[in-house]
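J.: Need coordinates for the below:
(one chain, ligands or ions: 1)
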Amino acid sequence: MCGIVGYIGNRKAIPVLLSGLSKLEYRGYDSAGVAINENGKLRVEKCKGRLTSLEERLKTENLDGGMGIGHTRWATHGEPNDINSHPHISQSGEIAVVHNGIIENYIQLKEFLVERGYNFKSDTDTEVVAHLVEHYYKGDLLDAVMKVIDEIEGSYALGVLSKDNEDMFVCARKDSPLVIGLGDGENFIASDIPAILEYTRNIYILEDKEVAVMTKDSVKVFNSLGAPVKKEVFKVNWDVEAAEKGGYEHFMMKEMYEEPKVIRDTFSPRIINGELKLDNINITKEEIDNLQKIYIVACGTAYHAGVVGKYIIEKLCKIPVEVDVASEFRYRDPLITDKDLTIIISQSGETLDTLFALREAKNKGSRILSIVNVVGSSIARSSDDVLYTWAGPEIAVASTKAYNTQLTALYLVALDFALKKGTISKEEADNILASLKEIPAGIEEILKDKENIQKFAHRHYNAKSIFFIGRSLDYALSMEGSLKLKEISYIHSEAYAGGELKHGTIALIEKGTLVVCPMTQDSLFDKMVSNIREVKARGAVVLAITQQRHKEELEKTADLVLTIPDVDSLIAPISAVTPLQLFAYYMALEKGCDVDKPRNLAKSVTVE
Ligand code: F6R
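T.: Predicted structure coming up:
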């Protein structure tokens with residue numbers, strides 16, 4: 001949600017800011033802006049629309065200067081328009097601010113400032129920060145920002161520039177991500193590493209309520225009490241190409257093509273001489289034996305991975321599992337204790353609701369095991385055990401490869417726990433691991449066959465409403481297939497448990513309604529065939545997805561059968577999701593939608 005970037009050094013700031021913002025556009029893309037200090041004068045350009053609109057505008061302005069801040073917005077307060085775009089400027093025009101997050105007490109602060117003669121131009125919460133910094137500014141920008149962060153409530157990553165200070169700016173964060181890039185004679189700030197990776201691999205990760213003073217030759221970090229903090233340098237070990245499209249038309253397609261590799265990267269280093277060894281998971285056999293319950297908490301796609309996790313952990317480990325949407329969990333006063341484990345799943349590691357759900361569980365004494373993609377993210381740093389999904393940067397707003405790796409990680413955790421608990425034998429575990437090892441090659445086959453899905457999408461992209469039905473793990477998969485479709489193609493869709501449809505929703509099935517049926521669970525195959533017959537009797541067109549071994553049989557009932565290579569039912573969701581992702585992709589493409597940047601969405605939801 002919103003991307004911020006800042007630069008100070010000997011280069012011209014604008015090209016650095018624009019290139020950084022282009023890497024952050026996945027976080028929000030309804031408006032963009034920059035501010036620079038040019039010889040003691042603040043110059044600001046901002047406008048509604050994609051970054052390209054700002055770039056156009058900047059072509060005619062000659063913004064010089066080696067220090068600046070930039071922003072790409074996902075609107076929370078106030079519609080996307082030029083005035084609500086960031087940076088926001090203080091009353092005198094001497095302070096400029098970019099912000100990611102939500103200032104929850106902005107109404108009270110606004111009243112306080114209005115009483116003191118400050119005029120507000122925008123509908124945003126951020127503008128209070130600009131005026132408040134000015135209110136407290138008595139020649140020391142750090143001091144003013146410290147006073148401001150003492151007063152604001154909510155979440156923020158801030159970049160603050162002033163007219164008076166030509167050779168320094170200040171940044172701060174709480175509950176919204178912010179990293180500092182350390183260069184030679186230049187320094188950077190950004191909401192995410194890809195924005196600055198072209199310039200440096202040396203990073204400071206700011207902790208909550210830390211504030212930094214940025215000059216071109218130094219970065220000084222302070223805690224909320226104003227005491228200096230010694231930061232450790234985090235070295236980024238992946239390449240900038242990982243965050244580039246690499247010849248693909250869309251990041252989403254590139255990321256689907258990366259699935260075989262990232263699944264391998266997630267399991268291979270953890271199977272050593274045939275033994276499962278989970279790095280950074282320190283929970284003991286005794287602790288696992290004594291677990292009363294496991295809670296899995298996440299949002300969106302990560303939540304759907306959690307639903308698969310529930311099925312497999314209960315099946316393999318015989319521990320009851322509850323899966324919760326993070327935004328519900330954090331407010332429902334869950335009956336969680338120190339005898340329970342909470343598994344948190346998050347690609348970004350920064351999703352605000354998920355982070356707060358983690359804190360809720362932790363405060364109640366639960367151990368936290370997180371499955372996270374971004375190293376050093378807030379969720380990773382707040383957890384007792386972390387299993388990283390080595391998916392690499394995921395740029396397309398719709399999550400694909402991260403989901404496959406989240407599932408992979410969940411299988412590894414389930415197997416590890418089950419082995420420690422003795423609920424499965426070594427031989428059973430070896431068989432499951434052997435199936436897991438076949439998944440990447442299976443996905444390569446699925447990707448080769450993508451034209452079939454494209455043709456089907458071409459025939460059906462005008463569908464008004466699509467239903468996904470499945471049972472057990474296929475129900476979990478249906479939820480993900482349905483979410484993928486609606487978020488990028490804007491087609492209404494719903495997922496139902498196969499047996500549930502006839503308890504009401506079947507009333508919506510009529511001639512031509514498209515029903516998508518993942519059918520990878522052998523033991524429930526016949527039940528699903530009956531469900532297909534029920535919808536077909538009412539005129540539905542059925543797309544079924546199943547293992548090669550069921551193709552012939554299923555072709556007698558479904559209109560189109562897409563196959564995945566034969567794989568054990570238990571492990572099938574990891575590869576069976578790929579055709580669903582491809583289906584959503586091609587439906588969106590046929591409809592002319594912006595696949596990588598769907599409307600109203602942004603990656604990394606760092607606001608409530
Ligand atoms: C959907 C999607 C979202 C995220 C959700 C959680 O394609 O990407 O539903 O899965 O916002 O994000 P993370 O995993 O970063 O916590």
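J.: Could you report the neighbour count for residue 62?
T.: 9 (other C-beta atoms under 10 Å). The C-beta positions use only the backbone N, C-alpha and C, and glycine is treated the same way.
J.: ok, residue 448 to the ligand distance?
T.: Going from residue 448 to the ligand by C-beta to the nearest ligand atom, to the nearest Å gives 24 Å.
J.: give me phi/psi at that residue?
T.: Per-residue torsions, residue 448: phi -70, psi -30 (degrees, to the nearest 10).
J.: if I look at it, how far off is residue 376?
T.: 36 Å (C-beta to C-beta, to the nearest Å).
J.: same deal with residue 446?
T.: Relative to residue 376, and taking C-beta to C-beta, residue 446 is found at 33 Å.
J.: neighbour-wise, which of these two wins?
T.: Counted by other C-beta under 10 Å, residue 446 and residue 376 do not tie: residue 446 has more neighbours, with 24 against 16.
J.: For burial, what's the neighbour tally of the residue of the chain found nearest the ligand?
T.: Ranked by C-beta to the nearest ligand atom, the top residue of the chain for proximity to the ligand is residue 300, at 1.8 Å. Neighbours of residue 300 under the rule other C-beta under 10 Å: 22.
J.: how about it, phi and psi?
T.: phi 50, psi -130.
J.: hey, where'd the helices end up in the stretch 101-250 of the chain?
T.: All helices of the stretch 101-250 of the chain, identified by DSSP state H, counting those that start in this stretch, fall at 106-115, 127-136, 141-151.
J.: Mind checking those for the one nearest to residue 332?
T.: helix 106-115 (26.8 Å; C-beta to C-beta).
J.: Show me which positions of stretch 432-449 end up buried.
T.: 432, 433, 435, 436, 439, 440, 442, 443, 444, 446, 447 (16 or more other C-beta atoms under 10 Å).
J.: Tell me which of these fall in strands.
T.: Using DSSP state E, the subset of the buried residues of stretch 432-449 located in strands is empty.
J.: from the residues you listed, which single one is nearest residue 401?
T.: residue 443 (9.8 Å).
J.: Please identify the most buried of the helices of the stretch 101-250 of the chain.
T.: helix 127-136 (a mean of 26; mean count of other C-beta atoms under 10 Å).
J.: how far does it sit from the chain's center?
T.: 31 Å (C-alpha atoms, centre = their mean, to the nearest Å).
J.: for the stretch 201-350 of the chain, what spans make up the strands?
T.: 202-205, 210-214, 219-222, 234-235, 271-272, 275-276, 293-298, 321-325, 340-346 (DSSP state E, counting those that start in this stretch).
J.: can you list contacts of the third one?
T.: When contacts are taken as C-beta atoms under 8 Å, 6 or more residues apart in numbering, the neighbours of strand 219-222 outside the stretch itself are 142, 146, 180, 182, 187, 204, 206, 210-213, 228-229, 231.
J.: What mean pLDDT does that strand get?
T.: Mean pLDDT, computed over strand 219-222, is 98.
J.: Export it to CSV, keeping only CA atoms.
T.: C-alpha atoms of strand 219-222 as CSV (Å, rounded to 0.1, in the frame of the first residue of the first chain):
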residue,chain,number,x,y,z
VAL,A,219,22.9,7.5,8.1
LYS,A,220,22.2,8.1,11.8
VAL,A,221,19.4,6.0,13.4
PHE,A,222,17.7,6.9,16.6
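J.: Count the neighbours of the closest residue to residue 14 other than its chain neighbours for me.
T.: Nearest residue to residue 14 in three dimensions, chain neighbours excluded: residue 63, at 5.1 Å (C-beta to C-beta, 6 or more residues apart in numbering). Counted with other C-beta under 10 Å, the neighbours of residue 63 add up to 17.
J.: gap between residue 63 and residue 176?
T.: Counting by C-beta to C-beta - residue 63 and residue 176 are separated by 26 Å.
J.: can you check residue 160 too?
T.: For residue 160, the distance to residue 176 under the criterion C-beta to C-beta works out to 14 Å.
J.: is it possible to export the strands of the stretch 201-350 of the chain to TSV including mean neighbour count and distance to the ligand?
T.: Output for the strands of the stretch 201-350 of the chain, formatted as TSV (neighbours: other C-beta atoms under 10 Å; distance: least, C-beta to the nearest ligand atom, whole Å):
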stretch	mean neighbour count	distance to the ligand
strand 202-205	20	16
strand 210-214	22	22
strand 219-222	18	26
strand 234-235	12	19
strand 271-272	12	25
strand 275-276	15	24
strand 293-298	25	6
strand 321-325	20	10
strand 340-346	28	3
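J.: As a markdown table, the ones you listed with distance to residue 588 would be great.
T.: Putting the strands of the stretch 201-350 of the chain into a markdown table (distance: least, C-beta to C-beta, whole Å) gives the following:
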| stretch | distance to residue 588 |
| --- | --- |
| strand 202-205 | 34 |
| strand 210-214 | 40 |
| strand 219-222 | 42 |
| strand 234-235 | 36 |
| strand 271-272 | 36 |
| strand 275-276 | 38 |
| strand 293-298 | 24 |
| strand 321-325 | 24 |
| strand 340-346 | 24 |
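J.: between those strands, which gets nearest to residue 380?
T.: Closest among the strands of the stretch 201-350 of the chain, using C-beta to C-beta: strand 340-346, at 8.7 Å.
J.: Looking at stretch 285-299 now, give me its mean pLDDT.
T.: Here the average pLDDT along stretch 285-299 is 98.
J.: and what of stretch 320-327?
T.: Stretch 320-327 comes out at a mean pLDDT of 98.
J.: Give me the nearest residue to residue 431, chain neighbours excluded.
T.: Nearest one to residue 431, counting by C-beta to C-beta, 6+ apart, is residue 568 at 7.7 Å.
J.: In contact with the one you found, which residues are there?
T.: 431, 432, 435.
J.: and with 10 Å instead?
T.: 431, 432, 434, 435, 436, 438, 520, 522, 547 (C-beta atoms under 10 Å, 6 or more residues apart in numbering).
J.: What does residue 551 show for phi and psi?
T.: phi -50, psi -60.
J.: is it true that residue 200 touches residue 236?
T.: Yes: between residue 200 and residue 236 there is a contact at 8.3 Å, judged by C-beta atoms under 10 Å.
J.: shared neighbours of the two, anything?
T.: With C-beta under 10 Å, 6+ apart, residue 200 and residue 236 have common neighbours 181, 193.
J.: Which strand or helix spans residue 527?
T.: helix 525-536 (DSSP states H and E).
J.: Show me what that helix is packed up against.
T.: Contacts defined by 3 or more C-beta pairs under 10 Å, 6 or more residues apart in numbering; DSSP states H and E place helix 525-536 against strand 465-470, strand 514-519, strand 541-547, helix 551-554.
J.: Tell me which of those sits most buried.
T.: Taking mean count of other C-beta under 10 Å, strand 514-519 is the most buried of the helices and strands packed on helix 525-536, at a mean of 27.
J.: helices or strands up against that strand?
T.: Looks like strand 514-519 contacts helix 450-460, strand 465-470, helix 473-489, strand 492-497, helix 525-536, strand 541-547, strand 560-564, helix 573-590 (3+ C-beta pairs under 10 Å, 6+ apart).
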